[in-house]
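Enquirer: Requesting a structural model of the entry that follows:
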Amino acid sequence: MTDIKKLVGESLAEIIEAARHGGPRVRVGLMASGSELGCEELAGGARLALETCANVQPVMIGPRIAGFEELEWIETPGGVACDAEIAGTLEAALKDGRVAAAVALHYPFPLGVTTIGRVLTPARGRAMLIAATTGTSSASRGEAMLRNALYGIATAKAIGIADPTVGILNVDTAQPVFRALSRMAERGYGVKFGLSVRKDGGAVLRGNDILAGAVDVCVADALTGNVLMKMFSSFTTGGSYEASGWGYGPSCGEGWRSIVSIISRASGAPVIAGALAFTALAAAGGLPDKVAAEVAAARKAGLDEEIAAMTPKAAAEDDVKAPPAEPTDEELHGVDVLEIENAVRALWKAGIYAESAMGCTGPVVKLAAKNAEKGKVILKENGYL
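Expert: Take a look at the predicted model:
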């Protein structure tokens, strides 16, 4: 009887909470360690989200911090602030459903997965999505930016922007991407181009446009997007403290089902709170399903043909097959994103199993720790390091 009363009480509490806030709070995990600003800044961001964002239930993951008893915690074994332990506990919480999504300071996204950030533009105080900001959706620049556009649109729809306007930042490959999207629109893909605030208009954006937030989704390559995120979030603080915006955003990729958002080690409490709320909104809006629907619609309008047309034709390669798979517990950094797959193939050719992935600071080659030193030598000999 006691158990039944407890269950009934918990159910009533959930119903009351949902009614009070206009819907259930989404449980979003947050790494509790790793910030350059201290663990208290992370917990302070979670507290701020709990107090001001009705849609999110922050769940701290890591060693408990004194003074934040009102927060919910999933503590790491032994209460140790170990990055590997926290990352493993966060991953487990995502897999078993204790949290619906997560906010992390670092995450080794596989090639093909990128994040869509959100900033507050200064000229007119408008929010704008930046597609993309970390990871990479393809090793081919043209394909990556084209996919970034799709993932940016999907993210906008997930957070409630039904018909988002899209512009392409005037960086290398902007015009081919614009032409590809235009041809897809002619074949029925529902992209809505925004307009530059400059007199001559157009959907290819310049610096004035991103300052003004001229569109809902600004498409760029991930490295440029990452720089924009840092500038928008910390331009009033000198760079050491990210004070505004919603962080580097949730992860998107074809077939990717996890929602993991990124903040940086310089993200302050306001950005952390914003990232938690942004992530909860994306999760409640079914972001992975929105991505799948957007890719399917684009594919019907010729996505694969457009990707093939803008992908550089590589010279014929030897038929190198991957050695038997083994755990990849070491990362090698410093390989250019455009060469990451060839670097992996060079290791395969030498009999070393390796995988490509994308960390927050750039591409990485993952391999077994026992092969790390030999792998470095091979990559150096082949000009990749």
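
Enquirer: Can you report how many residues lie near the closest residue to residue 166 other than its chain neighbours?
Expert: Spatial nearest neighbour of residue 166, excluding adjacent residues (C-beta to C-beta, 6 or more residues apart in numbering): residue 217 at 4.8 Å. Placement of C-beta: from N, CA and C, glycine included. The tally of other residues near residue 217 (other C-beta atoms under 10 Å) stands at 28.

Enquirer: Tell me what residue 217 is bridged to.
Expert: residue 129, residue 166 (DSSP bridges).

Enquirer: Any regions of the stretch 151-300 of the chain where pLDDT drops low?
Expert: The stretch 151-300 of the chain contains no residues with pLDDT under 70.

Enquirer: And the strands in it?
Expert: Under the criterion DSSP state E, counting those that start in this stretch, strands of the stretch 151-300 of the chain are mapped to 165-169, 192-193, 204-205, 217-219, 249-252, 260-262.

Enquirer: now swap in the stretch 1-150 of the chain and tell me
Expert: Counting by DSSP E, counting those that start in this stretch, the strands of the stretch 1-150 of the chain are 26-31, 56-61, 72-74, 101-104, 109-110, 113-120, 127-136.

Enquirer: Comparing these by mean pLDDT, which bottoms out?
Expert: Note on these: strand 109-110 shows the lowest mean pLDDT, a mean of 93.

Enquirer: In the sheet, which strands lie alongside that strand, parallel or antiparallel?
Expert: Short version: by DSSP bridges, strand 109-110 pairs with strand 354-359 (antiparallel).

Enquirer: and the angle from the next helix or strand after the strand it pairs with to strand 354-359?
Expert: Once strand 354-359 ends, the next helix or strand along the chain (criterion: DSSP states H and E) is strand 362-367. Here strand 362-367 points in a direction 150 degrees away from that of strand 354-359 (axes from the mean of the first three to the mean of the last three C-alpha atoms, to 10 degrees).

Enquirer: Give the pairing partners of strand 362-367; include direction for each.
Expert: strand 330-333 (antiparallel), strand 354-359 (antiparallel).

Enquirer: How far does the last one sit from its chain's centre?
Expert: Centre-to-centre, strand 354-359 and its host chain are 15 Å apart (C-alpha atoms, centre = their mean, to the nearest Å).

Enquirer: tell me the angle it makes with strand 127-136.
Expert: Using the same axes, to 10 degrees: strand 354-359 against strand 127-136 is 160 degrees.

Enquirer: what comes into contact with strand 354-359?
Expert: 106-111, 113-114, 134-136, 328, 331, 333, 337, 340-341, 343-344, 347-348, 363-367, 371, 375 (C-beta atoms under 8 Å, 6 or more residues apart in numbering).

Enquirer: Go ahead and build a PyMOL selection from the buried members of these.
Expert: To isolate the buried members of the contacts of strand 354-359 in PyMOL, using 16 or more other C-beta atoms under 10 Å:
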select buried, resi 106+107+108+109+111+113+114+134+135+136+328+331+337+340+341+343+344+347+363+364+365+366+367+371+375
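
Enquirer: Surely residue 101 and residue 277 touch.
Expert: No. Using C-beta atoms under 8 Å, residue 101 is not in contact with residue 277; the gap is 11.3 Å.

Enquirer: Would you single out the least confident of the strands paired with strand 362-367?
Expert: Within those, confidence is poorest for strand 354-359, with a mean of 85 (mean pLDDT).

Enquirer: how far off strand 113-120 does it point, in degrees?
Expert: Using the same axes, to 10 degrees: strand 354-359 against strand 113-120 is 10 degrees.

Enquirer: What residues sit buried inside stretch 82-97?
Expert: So stretch 82-97, judged by 16+ other C-beta under 10 Å, has buried residues 85-87, 89-91, 93-94.

Enquirer: pLDDT added to those residues, as a markdown table?
Expert: Below are these laid out as a markdown table (pLDDT from 0 to 100):
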| residue | pLDDT |
| --- | --- |
| 85 | 90 |
| 86 | 93 |
| 87 | 91 |
| 89 | 94 |
| 90 | 95 |
| 91 | 95 |
| 93 | 97 |
| 94 | 97 |
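
Enquirer: Just name the closest of those to residue 156, please.
Expert: If you rank those by distance to residue 156 using C-beta to C-beta, residue 94 comes first, at 23.5 Å.
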